[in-house]
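In: Fold the following and give me the result.
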Amino acid sequence: MLLTKDAFGKDFIWGVSTAAYQIEGAHDLHGKGPSIWDIFVQKRNRIFQNQHGNQACDFYNRYVQDLHLMKGMHIPNYRFSLSWSRIFPGGIGEVNQSGLDFYDQLIDLSLELGITPWVTLYHWDLPHALEKKGGWVNRDVKDWFGEFVSKCVHTYGDRVKNWMVLNEPTVFTAAGYFFGVHAPER
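Out: Numbering: from 1, shown residues only. All right, here's what the predicted structure looks like:
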C-alpha cells in the first residue's frame, strides 16, 4: 500500500527537526560555553570514529543557505533546539548576546521564508558548568532551567508559538545518568 499525504489527514503537521549540538558546530565561537557533549566527545572511543560536533554541518555559519534549501523543498515547519550554553555560557547568570542574536536571526529568517519555527528548549546539551554542579540530579536544576526558559520565552515568544520543553527525557536521563553511554557519562 502506498501512503499519500492525504492518508495522514489534513491536520497532520509536516516538517523537519534538528538538535543544536548535532548541527550547529561553532562550538567555541562568539562566546558559547562548553556543553556536556562538547566534553563527552573529547574522550576517545565514545563516539563512532571519534567524531564530534565542533563543526558538525556548520549550520551556525550556513543557516541562511540551509533555510533557503528548506523553503525550496516546501518544508512548512522547522523544529530546532536552542543551545543553552550558547545563550548562557556558564549555564546561569551572564547572557551571551551573540547567542541570543543568532537565534533571533534564525527565527526571523524562518518566518520571512514562510517556515514556522518550533523550538525545543532542551535537546541533551546541558552547559558543562552546570554538570560540574551536579547537572540534572541537582535539585537546583529547576531554577537554572527556569532562568534559561524564561529568557528564551521572553526573547522569542513574540514570534515562536510552538515550544517543546525536553526532547526525549527518558533517553537523556537513562543513557546519560544511569547507563553512562551518553553525556555526561555517569
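
In: rest of the way, CA atoms for contacts and neighbours
Out: OK.

In: Distance-wise, check E24 relative to F148.
Out: Counting by C-alpha to C-alpha, to the nearest Å, the separation of E24 from F148 is 19 Å.

In: D6 now?
Out: Counting by C-alpha to C-alpha, the gap from D6 to F148 is 39 Å.

In: Tell me which of those two has more neighbours.
Out: Set D6 next to F148 and count neighbours by other C-alpha atoms under 10 Å: F148 wins out with 22 against 9.

In: need the contact list for that one.
Out: W84, F88, G91, I92 (C-alpha atoms under 8 Å, 6 or more residues apart in numbering).

In: which residue sits closest to the last one, ignoring its sequence neighbours?
Out: If I follow you right, that is I92. The shortest distance from I92 to any non-neighbouring residue, by C-alpha to C-alpha, 6 or more residues apart in numbering, is to W144 (6.1 Å).

In: For the helix or strand the one you found falls within, C-alpha coordinates in PDB please.
Out: Element membership for W144 (DSSP states H and E) is helix 141-156. Output of helix 141-156 as PDB, limited to C-alpha atoms (Å, rounded to 0.1, in the frame of the first residue of the first chain):
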ATOM      1  CA  VAL A 141      18.400  22.500  38.100                       C
ATOM      2  CA  LYS A 142      14.700  23.500  38.200                       C
ATOM      3  CA  ASP A 143      15.900  27.100  38.900                       C
ATOM      4  CA  TRP A 144      18.700  27.000  36.400                       C
ATOM      5  CA  PHE A 145      16.400  25.700  33.700                       C
ATOM      6  CA  GLY A 146      13.700  28.100  34.700                       C
ATOM      7  CA  GLU A 147      16.100  31.000  34.200                       C
ATOM      8  CA  PHE A 148      17.000  29.700  30.700                       C
ATOM      9  CA  VAL A 149      13.400  29.100  29.700                       C
ATOM     10  CA  SER A 150      12.300  32.500  31.000                       C
ATOM     11  CA  LYS A 151      15.000  34.300  28.900                       C
ATOM     12  CA  CYS A 152      14.100  32.300  25.800                       C
ATOM     13  CA  VAL A 153      10.300  32.800  26.100                       C
ATOM     14  CA  HIS A 154      10.700  36.500  26.900                       C
ATOM     15  CA  THR A 155      13.100  36.900  23.900                       C
ATOM     16  CA  TYR A 156      11.500  34.800  21.300                       C
END
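
In: and that helix, how far from the chain's centre?
Out: Its chain's C-alpha centre and that of helix 141-156 lie 14 Å apart, by C-alpha atoms, centre = their mean, to the nearest Å.

In: what about the nearest residue to Y177 once chain neighbours are set aside, distance to E112?
Out: Nearest residue to Y177 in three dimensions, chain neighbours excluded: R186, at 4.9 Å (C-alpha to C-alpha, 6+ apart). Between R186 and E112 the distance is 43 Å, computed by C-alpha to C-alpha.

In: low pLDDT regions in the chain?
Out: Counting by pLDDT under 70, the chain contains low-confidence ranges at 47, 50.
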